[in-house]
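*Asks:* quick one: sequence and predicted model below, then my questions.
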Amino acid sequence: MAGSFEIVNAGTDTFRFRLTADDGTLVAVSPRFPSISAVVAGINAVRENAATGFVVDRRNLGT
């Protein structure tokens, strides 16, 4: 089974989503969105970009 996006209330008239792995591990929590349509757009943006996104290591390794 794949992970899931959960839409939750984040206060009065605001929402956020949580991305959980199939074993229930919390993977990511979004910022607040002002509407359901905005949170759905945020989920769609993650779906479109995550699979093809580059991993950028921004640690300073002393070089």
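*Replies:* Sure thing, it's come through. Because the structure is a prediction, the values reported are computed rather than measured.

*Asks:* what about R18, how many residues nearby?
*Replies:* Using other C-beta atoms under 10 Å, the number of residues around R18 comes to 14. C-betas here are computed from N, CA, C, even on glycine.

*Asks:* actually F33, not the one I typed
*Replies:* Neighbours of F33 (other C-beta under 10 Å): 19.

*Asks:* leaving out the residues flanking it, which one is nearest to it?
*Replies:* V39 (4.1 Å; C-beta to C-beta, 6 or more residues apart in numbering).

*Asks:* just V46 next, same as before
*Replies:* L19 is the one closest to V46 (C-beta to C-beta, 6+ apart), at 7.1 Å.

*Asks:* is that neighbour in a helix, a strand, or coil?
*Replies:* The three-state label given to L19 by DSSP: H, G, I helix; E, B strand; the rest coil is strand.

*Asks:* that one pairs with what?
*Replies:* Residues found in beta-bridge contact with L19 (criterion: DSSP bridges) are F5, A28.

*Asks:* quick one: it and F54, what's the gap?
*Replies:* The gap separating L19 from F54 is 19 Å, by C-beta to C-beta, to the nearest Å.
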